[in-house]
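Asker: for reference, the sequence and a predicted model appear below.
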Amino acid sequence: MHKLARLDQKHVWHPFTQMRDWAKREPIVLARGKGAVLEDVSGKKFLDANASIWTNLHGHNHPKLNAAVQRQLKKVAHTSALGFANEPAALLAERLVKSAKGSLKKVFFSDDGSTALEVALKMSYEFTRRTGRARVPKFLSLEGAYHGDTVGAVSVGHIDLFHKAYGGLLFKSDQVMSPYCYRCPFNRAKAGREDARIGRKCNWECVGKVEAKLKRRKYAAIVVEPRVQGAAGMIAHPEGWLKRIGKAVRASGTQLIADEVMTGFGRTGATFACQKEKVTPDFLCVAKGLTGGYLPMAATLTTQAVFDAFLGEYEEFKTFFHGHSYTGNQLGASAALASLEILHAAESKKKRRRLEKLLRDELQTLWPLACVGDVRQEGLVAGVELVADWRTRKAFPLKAQAGIRVCEAMARRGVLTRPIGNVIPLLPPYCTTTAQLRKMVCALRESVAEVLGGAKV
Ligand SMILES: Cc1ncc(COP(=O)(O)O)c(C=O)c1O
């Protein structure tokens with residue numbers, strides 16, 4: 001075993017990992033990257049098929065991102081935002097406001113997706129109280145919601161497996177039906193094909209459930225991942241759901257927190273997923289791809305109205321009492337500015353559209369496999385749901401580790417991704433070539449066949 005693998009096993013505690021299993025196998029120790037390729041310490045190459053847990057946009061070791069970070073390094077790496085401004089953070093705030101369009105004018109920087117959500121939750125809670133809408137406002141979020149691992153973010157999460165253990169630590173929030181068409185109790189469409197998800201007779205029962213909740217109680221906000229719920233299993237929402245929710249939320253006076261930690265920065269096709277349905281949230285939370293996958297940094301964008309609710313004389317103490325040591329980090333902001341420049345270039349937009357179409361075509365080759373129940377795609381996010389029986393949509397029990405075994409087989413074929421239960425995500429970096437994308441899907445197809453069996457009969 002490589003000495004670094006041994007050191008890792010001796011001392012490092014990995015996130016979301018059963019460490020007893022981790023200790024049984026030699027871990028892959030990644031040392032280098034270029035474009036969509038990662039290389040381990042022994043020189044073995046892999047494709048980064050989940051963009052290093054949904055963070056990487058333009059590829060590893062990108063010359064423009066490297067140059068931006070190096071330029072900044074020659075000046076200063078970090079200075080505090082408590083009491084001081086800095087150039088890259090100011091420029092980035094302006095750039096983000098421009099990219100978000102509409103009424104989001106203020107930017108609060110933090111460190112990661114979870115903190116971006118904490119900031120939005122606290123701001124929305126306090127805004128709702130200060131404007132007199134509710135004294136102890138609650139939050140509403142979707143079934144299967146995942147918004148991070150800090151205590152506030154977990155409180156609006158609804159994945160029992162992750163969140164149940166901490167029940168006693170959390171504040172209570174309500175959940176409402178998610179538009180998970182493949183497992184919708186009202187869906188009468190046939191299983192086993194692309195149109196298995198949306199029955200022609202859809203009456204938007206899922207929207208009705210949200211409307212009913214909003215009528216019953218005065219929430220501070222509803223928290224949603226627009227267009228696709230990531231950790232819930234790459235659940236692509238049906239076209240029109242977000243628009244309808246946006247209208248219902250406005251009509252009720254509730255705020256909308258858009259968690260674009262995964263969907264932001266071109267992942268779903270538009271710069272932000274909300275823009276695909278012309279919905280403007282009150283809070284836009286971004287992280288992961290903000291720095292192109294280079295450095296941990298996040299931002300919560302909000303409106304002038306929310307900002308104004310925190311203005312007052314010093315001694316009124318209406319200040320937003322929240323902040324982190326690395327807020328507005330200069331290196332992170334420099335990487336983010338370079339990443340946004342690449343993102344908005346006409347050539348890279350064209351490339352993303354081409355890649356999205358190629359992914360759509362390639363994914364079709366998975367349908368014939370017996371254990372493929374659903375294939376979902378939204379822009380450059382794909383999720384393949386593995387099932388024990390495609391006719392009945394019966395799920396594999398988690399202890400069968402179907403997703404884990406398929407991903408291990410993919411890694412043996414030189415393609416890295418991480419399962420979400422029985423769903424295999426593919427989120428290629430935007431620089432992925434045609435041959436590399438084909439290899440990603442081919443590895444998935446071959447691995448499913450090897451681990452779970454072949455064609456539907
Ligand atoms: C939608 C969404 N929100 C929030 C988070 C939490 O982000 P982080 O892991 O950077 O704290 C994640 C992480 O996967 C996410 O997918």
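Answerer: Thanks, I have the structure now.
Asker: domains for this structure, by residue range?
Answerer: 3-62+349-452, 75-344 (automatic domain parsing).
Asker: TSV for those, including mean neighbour count?
Answerer: Just so you know, the C-beta spots here come from the backbone N, C-alpha and C atoms, and that holds for glycine as well. Formatted as TSV, these follow (neighbours: other C-beta atoms under 10 Å):
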stretch	mean neighbour count
domain 3-62+349-452	18
domain 75-344	20
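Asker: so which of the ones you listed is nearest Ala68?
Answerer: domain 75-344 (3.5 Å; C-beta to C-beta).
Asker: quick one: the residue nearest to Ala455 when sequence neighbours are not counted from Val151, how far?
Answerer: Once flanking residues are discounted, Ala455 sits nearest to Pro368: 5.1 Å by C-beta to C-beta, 6 or more residues apart in numbering. Note on Pro368: its distance to Val151, by C-beta to C-beta, to the nearest Å, is 45 Å.
Asker: same check, this time on Lys164
Answerer: 14 Å.
Asker: repeat that for Gly230.
Answerer: Gly230 sits 20 Å away from Val151, going by C-beta to C-beta.
Asker: confidence score at the residue located most distally from the centre of the chain?
Answerer: Using C-alpha atoms, centre = their mean, the residue of the chain lying farthest from its centre is Glu315. It sits 39.3 Å away. Listed pLDDT for Glu315 reads 96.
Asker: return the residues in contact with the closest residue to the ligand within the stretch 151-300 of the chain.
Answerer: Residue nearest to the ligand within the stretch 151-300 of the chain: Val261 (3.5 Å; C-beta to the nearest ligand atom). Contacts for Val261 (C-beta atoms under 8 Å, 6 or more residues apart in numbering) come out as Gly113, Ala116, Leu117, His147, Gly148, Glu225, Gly230, Cys285, Val286, Ala287, Lys288, Ala298.
Asker: looking at this, Ala5 is in a helix?
Answerer: Yes. Assessed by DSSP: H, G, I helix; E, B strand; the rest coil, Ala5 belongs to a helix.
Asker: that one reaches Glu26, doesn't it?
Answerer: Yes. The pair Ala5 / Glu26 is scored as a contact, 5.2 Å apart, by C-beta atoms under 8 Å.
Asker: and this structure, which residues reach the ligand?
Answerer: 112-114, 117, 146-148, 225, 230-231, 259, 261-262, 287 (C-beta under 6 Å from any ligand atom).
Asker: how near is Met262 to Gln72?
Answerer: Counting by C-beta to C-beta, the gap from Met262 to Gln72 is 26 Å.
Asker: kindly apply the preceding question to Val286 instead.
Answerer: Going from Val286 to Gln72 by C-beta to C-beta gives 20 Å.
Asker: so His322 is in which element?
Answerer: His322 is part of no helix or strand, with elements assigned from DSSP states H and E.
Asker: any idea how far the nearest residue to Met1 once chain neighbours are set aside lies from the ligand?
Answerer: Among residues not flanking Met1 along the chain, Glu26 sits closest, at 5.0 Å (C-beta to C-beta, 6+ apart). To the ligand, Glu26 is 26 Å away according to C-beta to the nearest ligand atom, to the nearest Å.
Asker: may I have the secondary structure class of Glu26?
Answerer: Glu26 falls in the coil class when you classify it by three-state DSSP.
Asker: and it, what does it touch?
Answerer: Met1, His2, Ala5.
Asker: tell me the pLDDT at the first one?
Answerer: This means Met1. pLDDT, Met1: 94.
Asker: number of nearby residues for it?
Answerer: When counting by other C-beta atoms under 10 Å, one arrives at 11 neighbours for Met1.
Asker: what do you get for the second one?
Answerer: Neighbour count of His2, defined by other C-beta under 10 Å: 14.
Asker: below-threshold pLDDT in this structure: ranges please.
Answerer: Applying pLDDT under 70 to the chain flags the ranges 192-200.
Asker: just the closest residue of it to the ligand, please.
Answerer: For the chain, C-beta to the nearest ligand atom, closest residue to the ligand: Gly113, 2.1 Å.
Asker: surely that residue meets Lys288?
Answerer: Yes. Counting by C-beta under 8 Å, Gly113 does reach Lys288; the two are 6.2 Å apart.
Asker: what touches both of those two?
Answerer: Val261, Met262.
Asker: for the protein, which residue is closest to the average position?
Answerer: Geometric centre of the chain, nearest residue: Met262, 2.1 Å, by C-alpha atoms, centre = their mean.
Asker: wait, what's in contact with that residue?
Answerer: Applying C-beta under 8 Å, 6+ apart, the residues near Met262 are Trp54, Gly113, Glu225, Val228, Gly230, Lys288, Val381.
Asker: which one of those is nearest to Leu96?
Answerer: Closest to Leu96, out of all of those and judged by C-beta to C-beta, is Lys288, at 14.2 Å.
Asker: longest strand in the chain, please.
Answerer: Secondary structure assigned by DSSP state E gives strand 381-389 as the longest strand of the chain.
Asker: that strand pairs with which strands?
Answerer: strand 372-378 (antiparallel), strand 394-395 (antiparallel), strand 423-426 (antiparallel) (DSSP bridges).
Asker: that one: how far from the chain's middle?
Answerer: 18 Å (C-alpha atoms, centre = their mean, to the nearest Å).
Asker: can you check stretch 130-149 too?
Answerer: Worked out by C-alpha atoms, centre = their mean, stretch 130-149 lies 19 Å from the chain centre.
Asker: now stretch 45-62
Answerer: 14 Å.
Asker: the residue nearest to Ala455 touches Ala449, doesn't it?
Answerer: No. Counting by C-beta under 8 Å, Pro368 stays clear of Ala449, with 9.8 Å between them.
Asker: could you find the closest non-adjacent residue to Lys201?
Answerer: Distance criterion C-beta to C-beta, 6+ apart; nearest residue to Lys201, sequence neighbours excluded, is Arg188 at 6.2 Å.
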